[in-house]
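[1] got a sequence here, can you model it:
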Amino acid sequence: MRLFAALLGLTMALAAGTGCASSVPGHPVRQPTDPASLEVGNYQTTPRTVGNAKTGKQSRIRESQRLSDYVALPFEADHDYTYECSNNVRPHLVTNHKGLGDIVINDTFDEVVHDLRGGWVTTWCTGAATEEKHRRLSIAVLELPDPGRAAAVGPVLEHDDFTYNTGNQPVTLVKYPASKAHWRPNVASLGSWTVRDRYVVYIKLVDELAAAPDLADLSARTERMLDVALPLLDTFQPTPTDRFEHIPLDPDGILGRTLPTNPELPLRPDPDGVYTGRGSLQSLDSADLEFLTIGDVDLVGYGDALVFHSRTGAAARALWDKWNPAKEPSDKHRAVDPPPRFPGDIGCFADLENGRVMFHQCTFHVDKYNVQVGARNLAELYQKTAAQYVLLTSR
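    Numbering: from 1, shown residues only. The predicted structure is shown next:
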């Protein structure tokens with residue numbers, strides 16, 4: 001990997017009449033990057049204004065993204081969960097019945113939750129993806145307009161889920177007796193629905209590792225997930241009703257400086273958006289949230305690149321030191337040259353499978369940003385990486 005020092009332009013002034021230099025208060029200002037100095041192809045290089053939601057669907061998507069940062073991740077309750085099973089396979093957004101995929105079998109969802117404001121779902125597994133059996137935990141959070149609607153919706157959803165299979169039996173969670181849960185005694189699986197304020201929390205636990213179905217163990221694991229999930233939801237501030245219809249899609253401007261996804265060639269099942277915490281883990285190969293604290297990350301733009309903004313330059317540099325993609329060659333990856341004339345800290349590599357290149361990625365650091373860019377071929381990768389750099393260093 002080649003490392004390049006970022007160039008900063010400094011404003012200076014000379015003292016008149018004395019021939020002595022004097023300093024001017026302020027901060028170093030980066031000179032904008034000339035797009036002509038890099039090969040950016042047809043990719044966007046000018047920051048755009050994203051604006052506010054124009055449709056109900058856009059409002060629900062944005063509220064779901066906001067909510068995601070307050071949806072607990074399974075590894076926060078149990079470190080045995082090591083990877084997201086549904087990563088890059090299924091959307092995390094829940095704006096209708098399709099969002100819950102095959103973890104809930106319910107043909108009345110859209111009718112029952114007709115006023116859904118948003119939702120988020122994630123599924124994590126234990127062990128490694130190459131193993132045949134796993135313990136799998138899904139957690140979904142649905143946001144309703146008010147506590148009354150959540151209290152009405154939760155039991156109906158559980159009832160429809162419960163009655164789908166005649167072998168289901170009701171289960172009482174000792175720590176959460178108000179929750180509605182059920183299982184089949186001959187299957188190591190438990191589903192539960194819990195109402196908390198305006199939220200409905202659904203947890204589905206499937207244990208393929210169990211020698212035999214163990215209700216006490218399934219219940220205890222579900223309760224531990226709720227122990228983490230419910231207090232976290234209490235800290236979320238939903239968008240006020242009078243602002244929901246026209247909710248800002250990019251309130252801090254980071255999405256406007258992130259390459260927009262090509263709708264014909266999306267890299268992820270979720271739409272572009274802005275995150276401030278847990279939600280940004282969705283495309284990272286990680287089972288911890290250390291990057292948020294190491295990098296003091298306050299904003300993440302998800303588009304055709306992932307753009308992580310830190311509150312300080314020092315924190316961004318610390319995150320770069322953690323993510324610096326210099327890698328020893330192995331059977332899973334090998335280093336490749338960065339884009340020609342790239343003026344910043346950067347490392348690029350190819351992902352391999354059985355010796356065959358499957359994907360390329362560059363990671364770079366500039367100012368308060370760390371960026372990950374991916375593409376199938378090197379020419380595309382170089383253009384996207386260069387264009388993203390120009391977007392971040394434009395005024």
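[2] could I get the full set of strands for the stretch 201-350 of the chain?
    Here the stretch 201-350 of the chain has its strands, by DSSP state E, counting those that start in this stretch, at 273-275, 297-302, 305-310, 333-336, 345-353.
[3] ok now the fourth one, how far from the chain's centre?
    Yep, that's strand 333-336 we're talking about. Relative to the mean C-alpha coordinate of its chain, strand 333-336 is positioned 25 Å out (C-alpha atoms, centre = their mean, to the nearest Å).
[4] what packs against that strand?
    strand 345-353 (3 or more C-beta pairs under 8 Å, 6 or more residues apart in numbering; DSSP states H and E). Every C-beta, even on glycine, is put in place using the N, C-alpha and C of the backbone.
[5] mind listing what's buried along the strand it packs on?
    345, 346, 347, 348, 349, 350, 352 (16 or more other C-beta atoms under 10 Å).
[6] next SSE downstream of that strand?
    On the C-terminal side of strand 345-353, the closest following helix or strand by DSSP states H and E is strand 356-366.
[7] given whatever helix or strand comes next after that next one, what are its sheet partners and their directions?
    Per DSSP H and E, the first helix or strand lying C-terminal to strand 356-366 is strand 369-375. Strands that pair with strand 369-375, judged by DSSP bridges, come out as strand 305-310 (antiparallel), strand 356-366 (antiparallel).
[8] where among those is average confidence lowest?
    Across the strands paired with strand 369-375, strand 356-366 has the smallest mean pLDDT, namely a mean of 92.
[9] re earlier: which among the buried residues of strand 345-353 gets closest to residue 240?
    Residue 240 lies nearest to residue 345 out of these, by C-beta to C-beta, at 41.1 Å.
[10] you'd agree the closest one is up against residue 319?
    No - taking C-beta atoms under 8 Å as the definition, residue 345 is not a contact partner of residue 319, at 11.3 Å.
[11] and for these two, which residues touch both?
    Counting by C-beta atoms under 8 Å, 6 or more residues apart in numbering, the contacts common to residue 345 and residue 319 are residue 365.
[12] in TSV: the buried residues of strand 345-353, plus distance to residue 55 and pLDDT.
    Listed next are these as TSV, based on distance: C-beta to C-beta, whole Å; pLDDT from 0 to 100:
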residue	distance to residue 55	pLDDT
345	40	92
346	38	94
347	40	93
348	38	93
349	40	91
350	40	91
352	42	87
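[13] as TSV, these with distance to residue 391 would be great.
    Putting the buried residues of strand 345-353 into TSV (distance: C-beta to C-beta, whole Å) gives the following:
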residue	distance to residue 391
345	17
346	15
347	20
348	18
349	22
350	24
352	29
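[14] quick one: the strands of the stretch 201-350 of the chain as a markdown table, columns for distance to residue 230 too.
    Formatted as a markdown table, these follow (distance: least, C-beta to C-beta, whole Å):
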| stretch | distance to residue 230 |
| --- | --- |
| strand 273-275 | 21 |
| strand 297-302 | 25 |
| strand 305-310 | 28 |
| strand 333-336 | 40 |
| strand 345-353 | 38 |
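[15] can you tell which of these is closest to residue 72?
    strand 273-275 (15.1 Å).
[16] got a list of what the closest residue to residue 236 other than its chain neighbours touches?
    Spatially, and ignoring its direct neighbours in sequence, residue 236 is nearest to residue 70 (4.0 Å; C-beta to C-beta, 6 or more residues apart in numbering). Listed by C-beta under 8 Å, 6+ apart, the contact partners of residue 70 are 141, 232, 233, 235, 236, 277, 278.
[17] surely the fifth one touches residue 63?
    Read it as residue 236. No - in this structure, residue 236 is not within contact of residue 63 by C-beta under 8 Å, at 10.3 Å.
[18] pick out whichever of those two has more residues nearby.
    Counted by other C-beta atoms under 10 Å, residue 236 and residue 63 do not tie: residue 63 has more neighbours, with 23 against 17.
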